[in-house]
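[1] dropping the sequence and predicted coords here.
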Amino acid sequence: MTAQNKPRLIGFNHIALEVGDIDEALDFYGQLFDFKLRSKSENAAFIDLGDQFINFSKGRRQAADDARHVGFVVDDKEAVRQRLDNLAIEILPGRFLDFLDPWGNRIEIIGYTNIQFTKAPHVLRGMGLEGLEKNQKALDELAEKGMAPN
């Protein structure tokens with residue numbers, strides 16, 4: 001099969017995280033982040049991230065994550081650091097802002113301004129985040145790929 005025949009990966013629609021209890025997961029993450037609950041059942045909950053979402057699924061059985069992790073993009077990374085500190089949630093050693101949730105899911109926090117990941121202006125507007133800007137390093141990385149905003 002040639003590269004022309006292969007479908008291209010273009011992004012993520014959602015992430016599914018296994019948790020022990022749906023209500024406890026919503027409470028835990030609700031203490032850290034402002035989010036909108038899309039729907040909830042006994043075995044699952046869905047929270048919106050603009051045009052993406054997280055699915056909490058009941059039933060975590062594996063050991064805590066080590067290198068495997070999920071990177072959450074936030075509008076204010078330092079505010080998350082402060083919330084983690086206020087809630088006495090251990091920040092894992094290393095150069096990133098990582099922590100384990102109560103079920104062992106390793107979460108890395110990334111500030112929107114510092115990375116190439118980009119939400120379309122209409123999605124940011126719908127999230128109430130119009131005016132959220134990229135720093136120059138992120139803009140330069142996007143420009144190198146021909147993806148700089150106009």
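    Yep, it's here.
[2] could you report the pLDDT at residue 138?
    We have a pLDDT of 90 for residue 138.
[3] please, which helix or strand holds it?
    helix 136-144 (DSSP states H and E).
[4] list of residues touching that helix?
    113, 114, 115, 116, 118, 134, 148, 149 (C-beta atoms under 8 Å, 6 or more residues apart in numbering). (Each C-beta comes from the backbone N, C-alpha and C, glycine too.)
[5] and with 6 Å instead?
    Helix 136-144 is contacted from outside by 114, 115, 116, 148, using C-beta atoms under 6 Å, 6 or more residues apart in numbering.
[6] and those residues, which is closest to residue 37?
    residue 115 (26.0 Å; C-beta to C-beta).
[7] so what's that closest one closest to, chain neighbours aside?
    Take residue 115 and drop its neighbours on the chain: the residue closest to it by C-beta to C-beta, 6 or more residues apart in numbering is residue 138, 5.7 Å away.
[8] ramachandran angles for the most centrally placed residue in the chain?
    With distances taken as C-alpha atoms, centre = their mean, residue 72 lies nearest the centre of the chain, 2.1 Å away. Phi and psi for residue 72, reported as degrees, to the nearest 10, are phi -90, psi 130.
[9] any regions of the chain where pLDDT drops low?
    Scanning the chain for pLDDT under 70 picks out 1-3, 150.
[10] could you redo the last one with a cut-off of 90?
    The chain contains residues with pLDDT under 90 at 1-5, 7-12, 50, 116-118, 120-121, 129-133, 139, 142-143, 146-150.
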